[in-house]
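*Asks:* after the sequence you'll find the predicted model.
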Amino acid sequence: MNIIQKPSPNFNDRNGAKPNIIVLHYTGMETAEGALDRLTGEEFQVSAHYTVDEDGTLYQHVEEDKRAWHAGKAFWQGDKDINKYSIGIEIVNPGHEFGYRSFTKPQIDIVKELCQEIMERHEIHYVLAHSDVAPERKQDPGELFPWKELGAAGIGYWPNTSDEDFVKSCSMNVYTALHDLGYDAENFPEQSLVAFQRHFVPELFLEGREGEVEGITKARLYVLLARGFAE
């Protein structure tokens, strides 16, 4: 895999922490050039470890053993310093503000290959969306990101459900379950629900029914808790 080095000065030490999370973002800017300038400009104080352009070009900004500044104010399973334990990958897409669109096959192919290589180098427990760790303020990489395809490639976990799972999930308290999974549902219950649906129930967005507590939402949440999200 060809990697173009485009270093960012925006990083610091992990202080002995080892990465166990991959966080996927979209750039959310009008152009790839603008995003790359922002991620590598000292004045912006943001960065990621990698950026994947729409044509599949892969850039590295920060070494994996360093703490990049990509997650910001975030939370997962009680931990608030997600940058310390994560590797951040930016995926070029204008995002919801500038014309959100489907991700390209070349960039998703590279994202999968990159994630697989990172998982071989580190003991990765979670592959998360930026919106998973910051549901009150972030939407990326959004409901068009092909999480199911990544799950099929062994990246993260996609919850395939059965009729039995639907039955067992009926009495589930969704917000308690979201908290147990890792979301900051105690402080941001509704936002955590929508973030979960962006990642695991994206079809609700196509129907304009995001935020509703649907049977499929409960069933997929049940599977993640019962069978283990940490893969």
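*Replies:* Good, I have the coordinates.
*Asks:* what about this structure, any weak spots by pLDDT?
*Replies:* For the chain, the stretches with pLDDT under 70 are 229-231.
*Asks:* which residue is nearest the centroid of it?
*Replies:* Ranked by distance to the mean C-alpha position of the chain (C-alpha atoms, centre = their mean), the top residue is residue 129 at 1.6 Å.
*Asks:* my guess is it meets residue 143, correct?
*Replies:* No. Using C-beta atoms under 8 Å, residue 129 makes no contact with residue 143, being 9.9 Å away. Quick note: C-beta positions are derived from backbone N, CA and C, even for glycine.
*Asks:* picking that back up, setting aside sequence neighbours, what's the nearest residue to the residue nearest to the centre of the chain?
*Replies:* Spatial nearest neighbour of residue 129, chain neighbours left out: residue 199 (5.1 Å); criterion: C-beta to C-beta, 6 or more residues apart in numbering.
*Asks:* number of residues surrounding the nearest residue to residue 20 once chain neighbours are set aside?
*Replies:* In space, residue 20 comes closest to residue 125 once its chain neighbours are excluded; the distance is 4.6 Å by C-beta to C-beta, 6+ apart. Counted by other C-beta atoms under 10 Å, the residues lying close to residue 125 total 16.
*Asks:* ok, residue 125 to residue 105 distance?
*Replies:* 28 Å (C-beta to C-beta, to the nearest Å).
*Asks:* just residue 94 next, same as before
*Replies:* Distance, residue 94 to residue 105, by C-beta to C-beta: 18 Å.
*Asks:* more neighbours: which of the two?
*Replies:* Shown here are residue 94 and residue 105; by other C-beta under 10 Å, residue 94 has more neighbours (18 against 11).
*Asks:* you'd agree residue 177 is in a helix?
*Replies:* Yes. Counting by DSSP: H, G, I helix; E, B strand; the rest coil, residue 177 is located in a helix.
*Asks:* which residues does it contact?
*Replies:* Going by C-beta atoms under 8 Å, 6 or more residues apart in numbering, residue 177 touches 218, 221, 222, 225.
*Asks:* out of these, who's the most crowded?
*Replies:* residue 221 (27 neighbours).
*Asks:* scan this structure for its longest helix.
*Replies:* For the chain, the helix with the greatest residue count under DSSP state H is helix 105-121.
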